[in-house]
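>>> Dropping the sequence and predicted coords here.
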Amino acid sequence: MNRILRIALAAFGLGASLPVWAQGYDALLANLKSVISEGEVAVSKTDVAGLVVLEYGNGQILYGTADGRHLLAGDLYEFGEDGLVNRTEERRAVRRRDILASVDPDEMVIFSPKGQVQASVAVFTDVDCSYCRKLHQEMDEINARGIEVRYLAFPRAGVGSRSFEKTVSAWCSDDPHKAITELKLGNSIPDQTCPNPVAAQYELGGAVGVTGTPALVTEDGKLLPGYMPAAQLADALGL
């Protein structure tokens with residue numbers, strides 16, 4: 001049985017309307033409804049007796065006691081054979097992986113190796129970010145190591161900023177690869193616009209936990225914040 005209960009907080013019912021396995025969550029769900037008027041939360045059990053995990057649509061993860069008396073904010077760790085395991089980060093990784101899997105590759109600007117792709121990494125980038133530029137300067141070496149870079153737009157100054165406008169111009173260019181490279185060299189490109197995914201990708205970055213650029217997300221959903229040299233990136237990807 002799937003032991004995840006997805007509830008629209010604005011409209012969920014209690015008691016007999018809940019699955020049998022979730023009857024004990026009545027108090028917790030009632031208290032959640034009293035402080036959160038709308039949105040959706042996925043409630044599921046953890047391996048800790050009496051503790052459930054609450055995953056919100058905006059990516060926030062909280063923990064609550066089944067009796068409804070307490071909420072906990074923070075990461076849940078488990079002692080494993082090889083040390084501490086961050087179970088909360090594991091959940092975030094699954095979410096990132098699933099979100100990025102839904103993005104159309106045609107809406108990304110992808111720099112691929114000439115040979116076989118050994119690994120792929122999504123990179124949320126800002127064309128005016130100095131460390132994003134530094135990462136881009138190593139693109140040839142990154143690709144030579146078999147790593148495919150999938151750029152998504154994350155203009156840190158926000159939608160409507162000059163960085164946003166330049167990013168839109170790059171995505172709308174006849175040659176986005178060249179346009180992005182020019183911007184990351186500090187050069188200008190012609191302003192232009194078209195139907196584009198820049199604003200949507202900026203929001204997507206927030207949903208997966210991006211707070212700065214460059215922000216790299218591996219195929220399994222691991223977030224690697226900040227610049228790293230090509231050799232270090234390859235090592236992080238197990239190459």
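Yep, it's here.
>>> May I have the longest helix along the chain as PDB, with CA atoms only?
As far as residue count goes, and with DSSP state H defining each element, the longest helix of the chain is helix 87-101. Only the C-alpha atoms of helix 87-101 are listed here, as PDB (Å, rounded to 0.1, in the frame of the first residue of the first chain):
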ATOM      1  CA  ARG A  87      17.400  11.400   5.100                       C
ATOM      2  CA  THR A  88      15.900  14.900   4.500                       C
ATOM      3  CA  GLU A  89      18.400  15.700   1.800                       C
ATOM      4  CA  GLU A  90      17.600  12.400   0.200                       C
ATOM      5  CA  ARG A  91      14.000  13.500  -0.100                       C
ATOM      6  CA  ARG A  92      15.100  16.900  -1.600                       C
ATOM      7  CA  ALA A  93      17.200  15.000  -4.100                       C
ATOM      8  CA  VAL A  94      14.300  13.000  -5.300                       C
ATOM      9  CA  ARG A  95      12.200  16.100  -5.700                       C
ATOM     10  CA  ARG A  96      15.000  17.900  -7.700                       C
ATOM     11  CA  ARG A  97      15.400  14.900  -9.900                       C
ATOM     12  CA  ASP A  98      11.700  14.600 -10.700                       C
ATOM     13  CA  ILE A  99      11.400  18.400 -11.300                       C
ATOM     14  CA  LEU A 100      14.300  18.500 -13.700                       C
ATOM     15  CA  ALA A 101      13.100  15.400 -15.500                       C
END
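>>> what mean pLDDT would you report for it?
When pLDDT is averaged over helix 87-101, the result is 93.
>>> Determine the set of other helices and strands touching that helix.
The criterion is 3 or more CB pairs under 8 Å, 6 or more residues apart in numbering; DSSP states H and E, and the helices and strands that helix 87-101 contacts are strand 51-56, strand 61-65, strand 223-225. (Glycine included, C-beta is placed from N, CA and C.)
>>> The first one vs helix 87-101, what angle?
Put plainly, it is strand 51-56. Counting by axes from the mean of the first three to the mean of the last three CA atoms, to 10 degrees, strand 51-56 points 30 degrees away from the direction of helix 87-101.
>>> Can you list the buried residues in strand 51-56?
By neighbour count, and taking 16 or more other CB atoms under 10 Å as the criterion, the buried residues in strand 51-56 are Val52, Val53, Leu54, Glu55.
>>> Identify the residues contacting the longest helix of the chain?
With contact meaning CB atoms under 8 Å, 6 or more residues apart in numbering, helix 87-101 is reached by 46, 53, 55, 59, 61, 74-78, 122, 204, 207-209, 217, 219-223.
>>> Please check those and keep the buried ones.
Using 16+ other CB under 10 Å as the burial test, the contacts of helix 87-101 include Val53, Glu55, Ile61, Leu76, Ala122, Leu204, Val208, Val217, Gly221, Lys222, Leu223 as buried.
>>> nearest to Ala42, of those?
Taking CB to CB as the measure, Ala42 lies nearest Glu55 of the buried ones among the contacts of helix 87-101, at 4.4 Å.
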